[in-house]
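Novice: kindly generate the corresponding structure for this input.
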Amino acid sequence: MNHRMSATTQYVCTGCTRHLRRIVFNRRGSSRGTQVSTRRKYSVQNSTQNGRPFRMAVIGSGPAGFYTSYKVLSKIENGTVDMYEHLPVPYGLVRFGVAPDHPEVKNCEDKFQEVAESPNFNFIGNISIGSDPGSLPLAAIAPHYDAILFAYGASQDRKLGIKGEDTVNGIYSARAFVGWYNGLPEYSGLAPDLTMGEEAVVIGQGNVALDVARILLSDVNSLKGTDITEQAIDALSRSRVKSVRVVGRRGPMQAAFTIKEVRELMKLPDVAFRPIPPAQLPPDMTKLPRAPKRIMQVLSKGSEASLGDVPRSWSLDFQLSPTSFNPDSSNNLASLSFDKTSLGLDPFDPKARVTSTGEQADLPAEMAFRSIGYKSEAIAGLSELGIPFDDRLGIIPNDQEGRVLSLGWEKGVKQHVPGMYAAGWVKRGPTGVIASTMSDAFLTADRIAEDWNSKAPFNGGEEVKTGWEAVKVEAEKRRCRRVSWEDWKKIDAAEVARGKNSGKKREKFTTIEEMLRVLD
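Specialist: Numbers count the residues shown, from 1 in each chain. Here you go, the predicted model:
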């Protein structure tokens, strides 16, 4: 699976940054520090339908939700966006997926703040959409919006389905590990034991896998000034890990990591790279396209440090498909077994198919991290609105431009569900970086504005929608506690103050209870 999806590589291009600086809102009473432009980038032909303004709900507060909201608000004059988030804090994978040693990636939060400070935007945090106790049913919010944008990302990780995966001690999900060191409340209690041994294996060769390897091998002192959690600093300070193998079932030409990630690992101080066997690298790199050529050259050159001269090392091990996790007598991980694979007649073809050779290989390891991809899940209530969900791909079926397809899509029915849209990973699957998420979100926003301005059918016909003003009545009945944008700013300030006391950019609250305690 293509795993080019680490939030740590989700850079926003300079063109995107310039584009966002032109954000145009009517900023009556907006806070200081925002940029106001007198130029309108988009011409707005029809701001209302029969005199009623546009109202949209966004489910999810990550990049896809914010970028779509930005462009919808800039293209539909006097439209209003209500953004629902199940946590009290915004930004999704930007907050909880970006590696702490990549703070520059989080610069997009400044632009999202500009969106949130529009008078036509409402952040509705700490409220889940679904059927669980304390949640709002999807059916309770749908009647009060012209459109609903599903942008809630991928909340689960894929599993290998091999022997010992769920029973042997010392096996972790890379998603859980990343969430743990980034302060995601869901994984605040993970407590990975990094003292179990010196050998670790990461299964998967995407950027998330390389993030895990880099955090395990980095000098903990280099992380202490970042926003990594104190629990992670404590565990990494006691870590015994000295060797990390990053294993994939394909070859270097098919691997999903990017050059930035692999180059960073090559340059880690006091960490050596175990060379790749020459037979696994292309014999003539000069004929390769620019991007893969640069990666192959980095892999061929290796690290600045040499094996034997430094205490820690890492490797990229190719053409190995995992078959089992093998425990010792105490049921702790002792080794992993793999099938050796073949890539056919041309192993340097980026699309080469993997087959088993029938040979087996074992690698010793006291801990392992599964990093083979993320997956979105259906939220309760989709089918009641006539919205399907593709469990195999983990997406809401759509026309690839964001309009949600109706039930029967798998039989070739191409009808749209009026007023229902998708963006981000729940739209196209868990691939891409922030720049591609932005482009994808803008495409969906264009279609929303196009449909509204052309007076296409929307959710609930021509009835005037009042959004959160109507929904909050149901929320109060269900004892849901809303966290507003002003509330989030208080949580944000408290985290920054906590970090300042320990010489860090911020010290995140790792439980919802801690976050809400700030507001009490």
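Novice: show me what stretch 384-397 is in contact with.
Specialist: Judged by CB atoms under 8 Å, 6 or more residues apart in numbering, the contacts made with stretch 384-397 from elsewhere in the structure are 138-139, 142, 150, 154, 156, 375-378, 382-383, 404-410, 417, 420, 422, 425-430. C-beta: built from backbone N, CA, C; applies to glycine.
Novice: try it again at 6 Å.
Specialist: Residues lying outside stretch 384-397 but in contact with it, judged by CB atoms under 6 Å, 6 or more residues apart in numbering, are 139, 142, 150, 375-376, 378, 382, 404-407, 409, 417, 420, 422, 426, 429.
Novice: kindly check the end-to-end length of that stretch for me.
Specialist: 15 Å (CA to CA, to the nearest Å).
Novice: how far does it sit from the chain's center?
Specialist: For stretch 384-397, the gap between its own C-alpha mean and the chain's C-alpha mean amounts to 19 Å (CA atoms, centre = their mean, to the nearest Å).
Novice: now swap in stretch 484-499 and tell me
Specialist: 22 Å.
Novice: cool, stretch 58-70 as well?
Specialist: Stretch 58-70 sits 13 Å away from the centroid of its parent chain (CA atoms, centre = their mean).
Novice: cool, stretch 379-396 as well?
Specialist: Taking the mean of its C-alpha atoms, stretch 379-396 sits 20 Å from the chain's own mean (CA atoms, centre = their mean).
Novice: please point out which parts of it sit buried.
Specialist: Neighbour counts over stretch 379-396 (16 or more other CB atoms under 10 Å) mark 379-382, 385, 387-390, 394-396 as buried.
Novice: hey, which helix or strand in this structure has the poorest pLDDT?
Specialist: None of the helices or strands of the chain scores lower by mean pLDDT, DSSP states H and E than helix 14-21, at a mean of 42.
Novice: that older thread, now, the contacts of stretch 384-397 that are in strands?
Specialist: 150, 375, 404-405, 417, 420, 422 (DSSP state E).
Novice: which of those residues has the most neighbours?
Specialist: Neighbour counts for those were taken using other CB atoms under 10 Å; the highest belongs to residue 150, which has 32 neighbours.
Novice: that one contacts residue 422, doesn't it?
Specialist: Yes: under the criterion of CB atoms under 6 Å, residue 150 lies in contact with residue 422, with a separation of 4.7 Å.
Novice: low pLDDT regions in the stretch 351-500 of the chain?
Specialist: Applying pLDDT under 70 to the stretch 351-500 of the chain flags no residue at all.
Novice: ok, now how distant is the closest residue to residue 267 other than its chain neighbours from residue 463?
Specialist: Among residues not flanking residue 267 along the chain, residue 304 sits closest, at 6.5 Å (CB to CB, 6 or more residues apart in numbering). When CB to CB, to the nearest Å is applied, the distance between residue 304 and residue 463 equals 66 Å.
Novice: now residue 308
Specialist: Taken as CB to CB, the spacing of residue 308 relative to residue 463 amounts to 74 Å.
Novice: pick out whichever of those two has more residues nearby.
Specialist: Looking at residue 308 and residue 463 with other CB under 10 Å, you find the greater number of neighbours at residue 463, namely 12 against 7.
Novice: show me the contacts for that one.
Specialist: Applying CB under 6 Å, 6+ apart, one finds that residue 463 lies in contact with no residue.
Novice: work out for me the element it sits within.
Specialist: Element membership of residue 463, judged by DSSP states H and E, is empty: it is in no helix or strand.
Novice: likewise for residue 459?
Specialist: With DSSP H and E as the criterion, residue 459 is inside neither a helix nor a strand.
Novice: what is the burial count for the residue lying closest to it once chain neighbours are set aside?
Specialist: In this structure, residue 459 finds its nearest non-sequential neighbour in residue 419, 2.9 Å apart by CB to CB, 6+ apart. Look at residue 419: counted by other CB under 10 Å, it has 26 neighbours.
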